[in-house]
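Peer 1: Below are the sequence and a predicted model; questions follow.
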Amino acid sequence: MNIMKRIQINILITAFILTVTAGCSKDYLEKKPYNALPVESAIQSEADLLIAVRGTYAGLRNLDLYGRTIPLLGDLMGDITYQSVSNSNRYTLYNQYAMSVADGNALNMWTAAYNVILRTNNIINANIQETDNVKIYKGEAYGIRGLIYFELLRFFARPYTESPTADGVPIILEFSPNIKPSRKSVAEVYTQILSDLGQAYSLLGSYSNSSRISKFAAKAIEARVHLTKGDKTSARTAALEVINSNEFTLIEDDNYVAYWRNPAPLTNKLETIFEISSDGVSNLGFDALGYIYNQNGYGDFLCADDLFALFSDTDVRKSLLSEGIRGGTPAVFVNKYTNITTDRDDTKVIRLSELYLIAAEASLGTDDAAARNYLNEIATRRDPSFTGYTSSGDVLLEDILIERRKELAFEGQRFHDLNRLKRPIMRSANFPSTARDIPYLFNKRLLPIPQAERDANPNISPNPGY
């Protein structure tokens, strides 16, 4: 059909619509849809708010958020895990550092993240009578919003330690379907993140269980945010506030395996400060994080050989790894996630051991003795035969980073550590030969701003190299 014909048809359709609607009353035209509620009417009570909060937590379980992609890419794009030659073709381009603007995981992470942010905005902006529970629900929403903006920054923007003025991500704080926001600076987004976490801390009450944001979770995430920014003083203060509260206890070596075998949220304040809950009903099935590591699932991703070599035989963390054969070649299997049927493993977001490692790194240069003490609290627990580190200065920093690599392996922090420290990513021979030495300024150490998002909103600038 030529363009003139299309125009003629469109004119006829428009004329028909105008004729029909001319006789309609204004009241008729302004009727609300029978199957939808306006955003401002959706939350009218404390009970409505609780339902909205539960929906927000469910959103965090999305495949391309904490369901799988965030923790997996945090290690795959680093030097922790690699794709077996025998695989289901998931995340192949990330293994190769060959992503494009059409990448589905990047698009879905972006979309799912802003969907969660929309849910938090609706809770925060709900105009209902304030009760103790309403304060808690809004505190949880602030904490989740700050966390999600932080994850978006870590994947889609340059580190604060490189350029606070670089393009960050759009900040959206209320529902407005017609806006087309541009990207705020990295510094502006960090200001919003820290404001949200501060609001969460002020509103939240005591800890209930590991699957809900508590004031301690907000403060723990704040410590991670400050360290990522390079603000060691604030990172140390926030980490020690949680540690010195004595609310949580570290796992001992004789309970380490049992801790990781437990699929359920905790109420005993053992190690886990916040995690994303899955259970026998609410789970991702074969799309869950555990399924892509476990050899009874896809088992696509394996432990890098050079990481495996760091564990002594007496290190309890080595008991969550095993040697075998996959795709005809020797492999080290990841057994950190064993619950891939019925009640699934939860995804750990932040644990107490990380706060000790944050306190250690943040103490460097001002109190190396304290830094060693915090580091050895973790290292000697995990390996009872190890007598502890005695280093200082630059050597102590490397020791801390080694312990971070071992302790937080398969939990998604390594890639972000290497980015905030502006270090090259040196991957082992397990990885494709073209993707073993990833220099710091390599453009694809950022995920692409999705082309679909840029098509819908031309105000969003692309990431370089895409």
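Peer 2: In hand now; what should we look at? Residues are numbered from 1 along each chain as shown.
Peer 1: Tell me where the stretch 201-350 of the chain has strands.
Peer 2: Remark: strands assigned in the stretch 201-350 of the chain by DSSP state E, counting those that start in this stretch are 272-276, 301-303, 321-326, 329-334, 347-351.
Peer 1: and the next element down the chain from the last one?
Peer 2: Think strand 347-351. Sequence order places helix 352-363 as the next helix or strand after strand 347-351, per DSSP states H and E.
Peer 1: Now do the contacts for the residue nearest to Glu377 when sequence neighbours are not counted.
Peer 2: Leaving aside its chain neighbours, Glu377 sits nearest to Tyr356 (5.1 Å; criterion: Cβ to Cβ, 6 or more residues apart in numbering). No exception for glycine: its C-beta is placed from N, CA and C like everyone else's. For Tyr356, the contacting residues are 239, 243, 250, 374-375, 377-378, by Cβ atoms under 8 Å, 6 or more residues apart in numbering.
Peer 1: mind running it again at 10 Å?
Peer 2: By Cβ atoms under 10 Å, 6 or more residues apart in numbering, the contact list for Tyr356 reads 239-240, 242-243, 250, 373-379, 381, 403, 407.
Peer 1: Same question for Arg158.
Peer 2: 164-168, 186, 419, 422, 441, 445-446, 463-464.
Peer 1: Report the secondary structure state of it.
Peer 2: Under DSSP: H, G, I helix; E, B strand; the rest coil, Arg158 falls in the coil class.
Peer 1: so how far is Arg427 from it?
Peer 2: With the distance defined as Cβ to Cβ, to the nearest Å, Arg158 ends up 21 Å from Arg427.
Peer 1: cool, and Gly55?
Peer 2: With Cβ to Cβ as the criterion, Gly55 and Arg427 are 39 Å apart.
Peer 1: For Lys180, give its distance to Ala113.
Peer 2: Counting by Cβ to Cβ, the gap from Lys180 to Ala113 is 17 Å.
Peer 1: Who has more neighbours out of the two?
Peer 2: Just comparing Lys180 and Ala113: by other Cβ atoms under 10 Å the higher neighbour count belongs to Ala113, 24 against 10.
Peer 1: so which strand or helix has the more buried one?
Peer 2: Per DSSP H and E: helix 104-124 holds Ala113.
Peer 1: Go ahead and produce PDB holding the CA coordinates of that helix.
Peer 2: Listed next in PDB are the C-alpha coordinates belonging to helix 104-124 (Å, rounded to 0.1, in the frame of the first residue of the first chain):
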ATOM      1  CA  GLY A 104      18.500  -9.600  26.100                       C
ATOM      2  CA  ASN A 105      20.000  -9.900  29.700                       C
ATOM      3  CA  ALA A 106      21.000  -6.300  29.700                       C
ATOM      4  CA  LEU A 107      17.600  -5.200  28.500                       C
ATOM      5  CA  ASN A 108      15.800  -7.400  31.000                       C
ATOM      6  CA  MET A 109      18.000  -6.200  33.900                       C
ATOM      7  CA  TRP A 110      17.300  -2.600  33.000                       C
ATOM      8  CA  THR A 111      13.500  -3.200  32.600                       C
ATOM      9  CA  ALA A 112      13.200  -5.300  35.700                       C
ATOM     10  CA  ALA A 113      15.200  -2.900  37.800                       C
ATOM     11  CA  TYR A 114      13.000   0.100  36.800                       C
ATOM     12  CA  ASN A 115       9.900  -2.000  37.400                       C
ATOM     13  CA  VAL A 116      11.000  -2.600  41.000                       C
ATOM     14  CA  ILE A 117      11.800   1.100  41.300                       C
ATOM     15  CA  LEU A 118       8.300   1.900  40.200                       C
ATOM     16  CA  ARG A 119       6.900  -0.400  42.800                       C
ATOM     17  CA  THR A 120       9.000   1.300  45.500                       C
ATOM     18  CA  ASN A 121       8.000   4.700  44.400                       C
ATOM     19  CA  ASN A 122       4.300   3.800  44.700                       C
ATOM     20  CA  ILE A 123       4.900   2.600  48.200                       C
ATOM     21  CA  ILE A 124       7.100   5.600  49.300                       C
END
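Peer 1: average model confidence for that helix?
Peer 2: Mean pLDDT, helix 104-124: 98.
Peer 1: helices and strands around that helix, which ones?
Peer 2: helix 39-42, helix 46-60, helix 69-76, helix 92-95, helix 132-156, helix 186-203, helix 451-456 (3 or more Cβ pairs under 10 Å, 6 or more residues apart in numbering; DSSP states H and E).
Peer 1: so what's Ser100 up against?
Peer 2: 93, 106, 444, 448, 451, 466.
Peer 1: among those, who's most crowded?
Peer 2: That'd be Ala106 among those, by other Cβ under 10 Å, with 28 neighbours.
Peer 1: And for the residue lying closest to that residue once chain neighbours are set aside, the neighbour number?
Peer 2: Spatial nearest neighbour of Ala106, excluding adjacent residues (Cβ to Cβ, 6+ apart): Leu447 at 4.5 Å. By the criterion of other Cβ under 10 Å, Leu447 has 25 neighbours.
Peer 1: residues touching Leu447, list them.
Peer 2: 69, 73, 77, 94, 99, 101, 103, 105-107, 109-110, 152, 154-157, 463, 466.
Peer 1: Same check on Ser353?
Peer 2: 248, 250-251, 271, 377-378, 381-382, 403-404, 407-408.
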